[in-house]
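Engineer: this is the structure alone, sequence omitted:
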RNA sequence: CGGGGCGUAGCUCAGCUUGGUAGAGCGCUUGGUUUGGGACCAAGAAGUCGCAGGUUCGAAUCCUGUCGCCCCGACCA
């Protein structure tokens, strides 16, 4: 069956973005829904992305002085109760274990052996890690503690979406305890910087660094910082967070120490995390109507070699040449790592095979056939160009040229995403224009509309709540001034007419 | 928890209004023809029609109940 010039993914982004996203995840074989509602099976191609993210981030955490540890999946109910805001924030979405045994009754397994104290499956680990730190910290000499853990957490979400919001997800959570407030704030900002760098340089996503307003803050935090990404339906995705927890959790967990002045002090703590949500963000940021588009630095496989073996008699020699090229390429490197190459010699139709790799988003495809052997060339196709476009390169130039092309793709994706975000970020100074910006033209079937509004705000939570109520729009962050798009100049809040210290970013969020 | 949609072959779905005991396309297996390409031809395997009751000589189809999934909200990373 020929599909002509049709796109590989149906519907297209502009037709139905949520459905497009699901099709991309599915046809790229990244993940699928499991039998358990809200939980997903992460398939090898999706998990490879997570492994790449883990590798890169883990190295960055270690370079900033952190070590890995592991804390339990189960948290005693009483621990969670200690921090009031925290309880309120998470209580509604906790999974609770109340029994530890099953018994066979009338042919059915029923829970037995009720626990004296129920256990909560961690929605995040501040409380249990805090309780542990309380035991470890006696003196200022025990500080700082700089730990990270790679773990799964469970939040019983009402409406799950593959990668973006699942009942169980994988993440890393850093938890640090410090002697002084200044040091803890520095840590919070440093880790936000790590996330920012990672998002830009590895994921090619131009995130905005900023601070959350009070109402969007992590439950129990004094300040929450974030990196916010805009994806192709112009909505915001919080891609990572870093929290300055003040002494709230230290107080709740009893992390106390004798200071240099021989006084008893509470420690200052931070926590920071990113999750498998980054995979969803990546797909929504770069994907096109033919499926996933992976930035080379994060792709599990950067280059796939597709041997073209039309005739049985040339098959062996073509396959040998493919191996030879793969071996040569593996000794080349891009961004400080050896190229990751795969040869796809499966015995299926060539067109089918090519489209599979397009949908999976592999950055480069190399086709090698009998004619290329004669001419000493190879056909190279880039995922960031049209599916039919290919360039014939002399095969002895591949090891030099392909890393350059990967670099161009990586940079191109970042540039494209940044340009997209800039086009859809607008300074808005009147209430009318603001409402116009965020109201779909067709209420029945809302089209992709809006984006980020850079608007003054008087700092009032009531204004925020009203806008959220009426437009489903929230303050994504108070962006850090960068001397370019984001500045600290004061102005007038268009909702109240009151003075505003600076513009903040409004948007619809995932 | 509100609104909408849907559970029929591995996937996407038709059939249901007007009950008669299961279909298509894709995929899969085999054989053949093709071969710079998601190809073509032929044969084949594959479904107790979500589950439980009811009506009926007879239920995928009608009725009642129930479970589950997806989308849009509320909540959230």
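Structural biologist: On my side now, so go ahead. All figures in this text were calculated on a predicted structure; none of them were measured in a lab.

Engineer: residue A:252 reaches residue A:85, doesn't it?
Structural biologist: No. When contacts are counted by C-beta atoms under 8 Å, residue A:252 is not listed as touching residue A:85 (9.9 Å). Placement of C-beta: from N, CA and C, glycine included.

Engineer: which one of the two has more residues nearby?
Structural biologist: Set side by side, residue A:252 and residue A:85 show more neighbours around residue A:252, with 25 against 14, by other C-beta atoms under 10 Å.

Engineer: and the pLDDT for the more buried one?
Structural biologist: Listed pLDDT for residue A:252 reads 92.

Engineer: let me know the secondary structure of residue A:310.
Structural biologist: Here residue A:310 takes the coil state, with states given by DSSP: H, G, I helix; E, B strand; the rest coil.

Engineer: hmm, residue A:371 and it touching each other?
Structural biologist: No. With contact defined as C-beta under 8 Å, residue A:310 does not reach residue A:371; the gap is 9.5 Å.

Engineer: would you mind listing what in the stretch 51-200 of chain A touches RNA strand B?
Structural biologist: Contacts of the stretch 51-200 of chain A with RNA strand B, taken as C-beta under 7 Å from any atom of the strand, map to A:89, A:92-93, A:155, A:157-161, A:164-167, A:169.

Engineer: distance of the residue nearest to residue A:317 when sequence neighbours are not counted from RNA strand B?
Structural biologist: Nearest residue to residue A:317 in three dimensions, chain neighbours excluded: residue A:373, at 6.5 Å (C-beta to C-beta, 6 or more residues apart in numbering). According to C-beta to the nearest atom of the strand, to the nearest Å, residue A:373 stands 7 Å off from RNA strand B.

Engineer: now the element after the longest helix belonging to chain A, going C-ward?
Structural biologist: Counting residues, the longest helix found in chain A (DSSP state H) is helix A:398-423. Per DSSP states H and E, helix A:398-423 leads on to strand A:425-427 as the next helix or strand towards the C-terminus.

Engineer: so what strands line up beside that next one?
Structural biologist: strand A:452-456 (parallel) (DSSP bridges).

Engineer: stretch A:349-366 and RNA strand B, any residue contact?
Structural biologist: Yes. Judged by C-beta under 7 Å from any atom of the strand, stretch A:349-366 and RNA strand B are in contact via A:349, A:350, A:351, A:352, A:354, A:355.

Engineer: using a markdown table, lay out these together with neighbour count and distance to residue A:269.
Structural biologist: Shown next, in a markdown table, are these (neighbours: other C-beta atoms under 10 Å; distance: C-beta to C-beta, whole Å):
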| residue | neighbour count | distance to residue A:269 |
| --- | --- | --- |
| A:349 | 9 | 57 |
| A:350 | 15 | 57 |
| A:351 | 10 | 56 |
| A:352 | 9 | 53 |
| A:354 | 18 | 51 |
| A:355 | 17 | 50 |
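
Engineer: and for the residue of the stretch 1-150 of chain A at minimum distance from RNA strand B, the neighbour number?
Structural biologist: Of all residues in the stretch 1-150 of chain A, residue A:37 sits closest to RNA strand B, at 2.6 Å by C-beta to the nearest atom of the strand. Residue A:37: 11 surrounding residues under other C-beta under 10 Å.

Engineer: surely it and residue A:167 touch.
Structural biologist: Yes. In this structure, residue A:37 is within contact of residue A:167 by C-beta under 8 Å, at 7.2 Å.

Engineer: could you name every residue contacting both of those two?
Structural biologist: residue A:160 (C-beta atoms under 8 Å, 6 or more residues apart in numbering).

Engineer: wait, isn't residue A:274 in contact with residue A:238?
Structural biologist: No. If you go by C-beta under 8 Å, residue A:274 and residue A:238 don't touch, sitting 9.8 Å apart.

Engineer: buried set for stretch A:209-229?
Structural biologist: A:209-213, A:216-229 (16 or more other C-beta atoms under 10 Å).

Engineer: stretch A:113-129 too?
Structural biologist: A:119, A:120, A:121, A:122, A:123, A:124, A:125, A:126, A:127, A:128, A:129.

Engineer: where does the last one fall, secondary structure wise?
Structural biologist: Counting by DSSP H and E, the element that carries residue A:129 is helix A:126-136.

Engineer: so which elements touch that helix?
Structural biologist: For helix A:126-136, the packing partners by 3 or more C-beta pairs under 8 Å, 6 or more residues apart in numbering; DSSP states H and E come out as strand A:74-76, helix A:77-80, strand A:145-154, strand A:168-178, helix A:248-253, strand A:268-275.

Engineer: reformat these as a markdown table; add distance to residue A:385.
Structural biologist: Compiled in a markdown table, the helices and strands packed on helix A:126-136 are given as follows (distance: least, C-beta to C-beta, whole Å):
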| stretch | distance to residue A:385 |
| --- | --- |
| strand A:74-76 | 50 |
| helix A:77-80 | 51 |
| strand A:145-154 | 36 |
| strand A:168-178 | 33 |
| helix A:248-253 | 50 |
| strand A:268-275 | 30 |
